[in-house]
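Novice: what's the 3D shape of this:
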Amino acid sequence: MTPIEAVPNVTLNNGVRIPQLGFGVFQVPPEETQRIVEDALEAGYRHIDTAAAYGNEAGVGAAIGASGIPREDIFLTTKLRNGEQGKAQEAFRNSRRALGVDYIDLYLIHWPVPSRNLFTEAWKAMEKLYAGGEIRAIGVSNFLADHLDTLLQLADVVPAVNQIELHPTFQQPELAAKSRSLGIAVEAYSPLGQGADLDAVAVTSLAGKYGVTPAQVVLAWHLAQGTIVIPKSANSGRMRDNLAAAAVVLTPAELSGITALDAGARIGADPAVAAHSQM
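Specialist: Got it, this is the predicted structure:
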């Protein structure tokens, strides 16, 4: 079985299928992005996650164009900058031009920024783009329960995805459960706790037992829960290792041992107060 065949798909609430294991480019320098994404595509990834705020959309697009892989075989996500929530359609089209593609598979509101009170306006603009066929699915990122409630009071389209910080020591179980109960797929960023979760005994013991890497153990835990996951690595060997996590199967007891690591240890900003413009 090839790496591509091994990665399962998640069917979103509108029927669109997304590879459950993708490749993230957060903090990948723009000048290195094309090379790194080309390596990821060569390794077998067919789901690439970027954002306008990362400043590397052009490199992602160049890698896709240079790969020779048909556009329809690659699932491409990008995100709306916080400072552009009041002009979401213009921002989307700027991203699409930077990526050099005719459509985006998944477009997300990157943060709710509740202090600006613009995310519902941005969502309505995104619904129009979605209705026009320029986006295959729309969703949110970093939305807490109250943000979802506010959005759904006005939304005609239920978000397809909520991309949140989620890793063994920070699982946000109530938020994940609420999202799923609404038909919103959960996608994990910083899925390895930026490496900090890989030293836990519950993880390293399983890595030794199965002859796999600690990262593969943690990614297998995510996949077993139905979570979409987007690890990042600039190292082509680790890219392949991470992708191979799709073939790692843990027992219910082993999964529970990793779940027991939850410590509420957030790494990133708190979406309740985060208000950075990303400009």
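Novice: chain center to the helix or strand where V203 lies: distance?
Specialist: Per DSSP states H and E, V203 falls inside helix 201-210. Counting by Cα atoms, centre = their mean, to the nearest Å, helix 201-210 is centred 26 Å from the centre of its parent chain.
Novice: ok, and for that helix, which residues are buried?
Specialist: Neighbour-count burial for helix 201-210 flags 202-203, 206-207 (criterion: 16 or more other Cβ atoms under 10 Å). From N, CA and C alone the C-beta is placed, and that goes for glycine too.
Novice: Could you list every helix and strand in contact with the helix or strand following it?
Specialist: Using DSSP H and E, the helix or strand that follows helix 201-210 towards the C-terminus is helix 214-224. Contacts defined by 3 or more Cβ pairs under 8 Å, 6 or more residues apart in numbering; DSSP states H and E place helix 214-224 against helix 201-210, strand 228-229, helix 236-243, helix 252-259.
Novice: One more pass at 10 Å, please.
Specialist: strand 185-189, helix 201-210, strand 228-229, helix 236-243, helix 252-259 (3 or more Cβ pairs under 10 Å, 6 or more residues apart in numbering; DSSP states H and E).
Novice: between these, which gets nearest to E134?
Specialist: strand 185-189 (20.6 Å; Cβ to Cβ).
Novice: report the angle between the axes of that closest one and helix 214-224?
Specialist: Here strand 185-189 points in a direction 170 degrees away from that of helix 214-224 (axes from the mean of the first three to the mean of the last three Cα atoms, to 10 degrees).
Novice: Tell me where this structure has strands.
Specialist: Ranges of strands in the chain, per DSSP state E, are 9-11, 17-19, 23-24, 47-49, 75-80, 104-109, 135-141, 161-165, 185-189, 228-229.
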